[in-house]
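I would like to see how this sequence folds:
(2 chains)
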2 protein chains.
Amino acid sequence: MKAVGFKTSLPISEPESFIEVETEKPTPSGHELLVKVKAISVNPVDYKIRQNSAKNTVLAQPKIIGWDAVGTVEAVGEAVTLFNKGDEVYYAGDITKQGSNAAYQVIDERIVGKKPVSLTIEEAAAIPLTALTAWEIFFDRMRLSAERDQNKTLLIIGGAGGVGSIAIQLAKKLLGMKVIATASRSETIEWCKKMGADVVVNHRNLIEEVRKAGYQQVDYIVDFVDTNLYWDAMAELIKPQGHIASITGSPTPVLLNKLKSKSVSFSWELMFTRSTFQTEDMIEQHIILNRVADLLDQGVLQPTLTQTLEGLTADNFKQAHKQLESGSTIGKLVIRF
Amino acid sequence: MKAVGFKTSLPISEPESFIEVETEKPTPSGHELLVKVKAISVNPVDYKIRQNSAKNTVLAQPKIIGWDAVGTVEAVGEAVTLFNKGDEVYYAGDITKQGSNAAYQVIDERIVGKKPVSLTIEEAAAIPLTALTAWEIFFDRMRLSAERDQNKTLLIIGGAGGVGSIAIQLAKKLLGMKVIATASRSETIEWCKKMGADVVVNHRNLIEEVRKAGYQQVDYIVDFVDTNLYWDAMAELIKPQGHIASITGSPTPVLLNKLKSKSVSFSWELMFTRSTFQTEDMIEQHIILNRVADLLDQGVLQPTLTQTLEGLTADNFKQAHKQLESGSTIGKLVIRF
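Have a look, this model is predicted:
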């Protein structure tokens, strides 16, 4: 089968940064589905893995990445109970396994949902990784609920990106929170408002900007940009008893004590935790994706797709990664095969 | 009125480390109660404040500390609605105000509860600060519930101290969790079991000890000893999607990233946050103290008192602080006036 991958970590401008390859079509076993992939979406994790996973080495077999896909179930493993051949599905996947940038992929049914029927293939491909991430932050990490958290204030650092776009919607539509999102260009400000943000502020001079908008402190903060960079500002802006969550990582140590006098909590969210550790509740991702599909079909949530490329080609992946690396992507970019 | 305080931070062996003083009896206003104090308990926060709040200086007025008391309401401010003159009350107090080591104290009614009727004065004095701390950790910071967390595993680092003693009970009796507590001496091991711990392990070589007891990883960890010292062990022992909480502070920066791949959360708990910041939900401490009083009266929770000294004297406070500074105190120490 055809796939797009790489054998060594190279700058995206290099001809071999992505290569087209022929690999063996996989066979599903156990809880696995064999999916014929129709579209994938690209996330920041993709270029981080491409840049770092084969540094100063040349892999014997090409590495196939990509963690967001829509497709049709072509065959099922012997333990599969949730899906049948022919089902249209969407999923983010498992970072310890081969990715979705290929004509076919095997995937554990417990992390797969039914494709939202009212969305196009490419609209659906834009959803899984970002929706799972935002959902897990609010409901599994922070344990928020509409009952307790309606009208609370939430600051989203990085509102216009993929996760930001769906996080704004979940916070507004499911939790009824007041959402302050950061964005700095007229297009990204517009996009955050379209997603439902009540207020949009510039991420530069974050403390002053949030206060100028009328918020001395906020109940919750989610960071989709840089934990270390915003640590002090988050510690200052969070209310007593507040909760901060982040997906970005923190390469240098932080002064956790800055959160102590206010009894503040901090959560990491990594969408790959459940599949990597094969947690007992791994099937939650199946449940979340189905609930998100229903919310999209009911029109409660809206698609976040902004751009589609056509074709499973190395050139398309180079273009997609180049754009994501620039950090200026609004919403989601999809490649349809 | 008589009080015991200090004018300068001195080692507890010094004669002037505590002094007996006469100060003006305070007058309640607004939401304040005037309480005739009958007994107080001593907590580690007391000696930390004594050691650090008047370093290399001599205060003009003696500093009165102490944050745990039982007494009788003698007068009420004009806005008081929760209590009447003559009520028996217990409370931990507000670190920004004068403490309880005095014949009388004024205290905001919203952080005061009714004294458990079935407990002696000294048993009741041992409860407030530790019960508020443990309750806020489990229900307000970690947002645990019996429904979701029954049979989950909890590691308590420092099981035999004041907060540990009540935390073990809340975790067992209210949440139905499996509790692994740390203790190293035969008396402290016995005490942890009496409080309800399922398993007691030595805090030295913590990872090996917990695993030897049959637990590869645990769902939750609460640290009552030293966040920096146990950071790496906690990061290793916590399950994917787990939650760690601490009350101890962390003077040096930590590698927060150690918790990232497992999507782990971390919470600080400081019992003084609500009163210091006068949060909108400050009255929660009134509600918690009343619920804890009911649970004590129903026999669901048991007293944690182990030692009582008699008399509002400087000598008693010297003896109490000396003992708490040794780090070997089991349960709670009370001074009855």
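
got phi/psi on whichever residue of the stretch 151-300 of chain A sits closest to chain B?
Distance from chain B to each residue of the stretch 151-300 of chain A (Cβ to the nearest Cβ) is smallest for A:Pro253, at 3.5 Å. Every C-beta, even on glycine, is put in place using the N, C-alpha and C of the backbone. The phi/psi pair for A:Pro253 (degrees, to the nearest 10) reads phi -60, psi 150.

and for it, nearest residue in space, chain neighbours not counted?
Nearest residue to A:Pro253, sequence neighbours excluded (Cβ to Cβ, 6 or more residues apart in numbering or on different chains): B:Pro253, at 3.5 Å.

thought B:Lys258 was touching the residue of the stretch 151-300 of chain A closest to chain B, still the case?
No. With contact defined as Cβ atoms under 8 Å, A:Pro253 does not reach B:Lys258; the gap is 9.9 Å.

and the two? Which one has more around it.
Comparing A:Pro253 with B:Lys258 by other Cβ atoms under 10 Å in any protein chain shown, the one with more neighbours is B:Lys258, at 18 against 15.

how about the nearest residue to that one, chain neighbours excluded?
Nearest residue to B:Lys258 in three dimensions, chain neighbours excluded: B:Ala235, at 3.9 Å (Cβ to Cβ, 6+ apart).

again with A:Ala125
A:Ala39 (3.8 Å).

now for the one you found, how many residues are close by?
Around A:Ala39 there are 26 residues (other Cβ under 10 Å).

and the strand or helix carrying it, which strands flank it?
Element membership of A:Ala39, judged by DSSP states H and E, is strand A:32-42. Using DSSP bridges, strand A:32-42 pairs in its sheet with strand A:69-76 (antiparallel), strand A:104-108 (antiparallel), strand A:332-336 (antiparallel).

buried stuff in it?
Neighbour counts over strand A:32-42 (16 or more other Cβ atoms under 10 Å in any protein chain shown) mark A:32-35, A:37-42 as buried.

stretch A:116-134 now?
A:116, A:119-134.

so which of these are in helices?
Among the buried residues of stretch A:116-134, DSSP state H puts A:121-125, A:128-134 in helices.

could you give the number of residues near A:Glu74?
A:Glu74, neighbours per other Cβ under 10 Å, totals 15.

what's near enough to touch it?
A:34-36, A:85, A:104 (Cβ atoms under 8 Å, 6 or more residues apart in numbering or on different chains).

list the contacts of A:Ile49.
A:65, A:95.

again, only this time at 6 Å
If you count contacts by Cβ atoms under 6 Å, 6 or more residues apart in numbering or on different chains, A:Ile49 has them with A:Ile65.

report the distance from the host helix or strand of it to the chain centre.
A:Ile49 is part of helix A:44-52 when elements are defined by DSSP H and E. Relative to its chain's centre, helix A:44-52 lies at 13 Å (Cα atoms, centre = their mean, to the nearest Å).

again with stretch A:228-239
Per Cα atoms, centre = their mean, the centroid offset for stretch A:228-239 relative to its chain is 23 Å.

before we move on, what about stretch A:137-150?
Mean-position distance between stretch A:137-150 and its chain equals 19 Å (Cα atoms, centre = their mean).

please identify the residue of the stretch 1-150 of chain A positioned nearest to chain B.
A:Arg143 (4.1 Å).

what strand or helix carries the residue lying closest to that residue once chain neighbours are set aside?
Nearest residue to A:Arg143 in three dimensions, chain neighbours excluded: B:Arg143, at 4.1 Å (Cβ to Cβ, 6+ apart). Using DSSP H and E, B:Arg143 falls within no helix or strand.

close enough to count as contact, B:Arg143 and A:Ser145?
No. Between B:Arg143 and A:Ser145 there is no contact, the gap being 9.1 Å when judged by Cβ atoms under 6 Å.

comparing those two, which residue is more hemmed in?
Using other Cβ under 10 Å as the criterion, B:Arg143 and A:Ser145 rank with B:Arg143 on top: 19 against 13.

wait, what's in contact with the residue nearest to the spatial centre of chain A?
The residue lying closest to the centre of chain A (Cα atoms, centre = their mean) is A:Thr130, at 2.7 Å. Shown in contact with A:Thr130 (Cβ under 6 Å, 6+ apart): A:162-163, A:166.

wait, A:Ala233 touches A:Arg204, no?
No. The criterion here is Cβ under 6 Å, and A:Ala233 misses it with A:Arg204 at 10.7 Å.

between the two, tell me which one has more neighbours.
Using other Cβ under 10 Å as the criterion, A:Ala233 and A:Arg204 rank with A:Ala233 on top: 20 against 9.

what sits closest to that one if chain neighbours are left out?
A:Leu206 (4.7 Å).

thought A:Asp149 was touching A:Leu175?
Yes. The criterion here is Cβ under 6 Å, and A:Asp149 meets it with A:Leu175 at 5.4 Å.

enumerate the residues of chain A near chain B.
A:141, A:143, A:240, A:249-250, A:253-257, A:259-260, A:262-263, A:265-270, A:273, A:277, A:279 (Cβ under 6 Å from any Cβ of the partner chain).

ok so, going back, make JSON lines from the strands paired with strand A:32-42 and add mean pLDDT to it.
As requested, the strands paired with strand A:32-42 are exported to JSON lines (pLDDT from 0 to 100):
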{"stretch": "strand A:69-76", "mean pLDDT": "98"}
{"stretch": "strand A:104-108", "mean pLDDT": "98"}
{"stretch": "strand A:332-336", "mean pLDDT": "98"}
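
out of those, the one nearest B:Gly299 is which?
Nearest to B:Gly299 among those is strand A:104-108 (48.4 Å), distances taken as Cβ to Cβ.

what lies in contact with whatever helix or strand comes next after that closest one?
Using DSSP H and E, the helix or strand that follows strand A:104-108 in sequence is strand A:112-114. Applying Cβ under 6 Å, 6+ apart, the contact partners of strand A:112-114 are A:89-91, A:286, A:289-290, A:293.

domain map for chain A?
Chain A breaks down into these domains under automatic domain parsing: A:2-127+A:273-336, A:130-268.

closest one to B:Leu305 among those domains?
Set against B:Leu305 and scored by Cβ to Cβ, these come closest in domain A:130-268, at 26.5 Å.

and the end-to-end length of the closest one?
Terminal residues of domain A:130-268 lie 15 Å apart, using Cα to Cα, to the nearest Å.

again with stretch A:264-276
First-to-last distance for stretch A:264-276 - Cα to Cα - comes to 28 Å.

what's the mean pLDDT across it?
Average pLDDT, stretch A:264-276: 98.

check stretch A:168-185 too.
The average pLDDT for stretch A:168-185 rounds to 98.

same deal with stretch A:27-38?
Stretch A:27-38 comes out at a mean pLDDT of 98.

cool, and stretch A:195-209?
pLDDT averaged over stretch A:195-209 gives 97.

where does the residue at the greatest distance from the centre of chain A land in three-state SS?
Of all residues in chain A, A:Ser261 sits farthest from the chain's C-alpha centroid, using Cα atoms, centre = their mean; the distance is 32.4 Å. Three-state call for A:Ser261 (DSSP: H, G, I helix; E, B strand; the rest coil): coil.

my guess is the residue nearest to B:Lys258 contacts B:Lys260, does it?
No. Taking contacts as Cβ under 6 Å, B:Ala235 lies outside contact range of B:Lys260: 9.7 Å.

give me the contacts around whichever strand or helix holds A:Ile244.
Using DSSP H and E, A:Ile244 maps to strand A:238-246. Strand A:238-246 is contacted by residues A:137, A:141-142, A:217, A:219-223, A:227, A:234, A:262-267, A:269, B:273, B:277, B:279 when judged by Cβ under 6 Å, 6+ apart.

mind giving me the ChimeraX select for those residues, buried ones only?
Buried members of these, defined by 16+ other Cβ under 10 Å, are picked up in ChimeraX with:
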select /A:137,141,142,217,219,220,221,222,223,227,234,262,263,264,265,266,267,269 /B:273,277,279
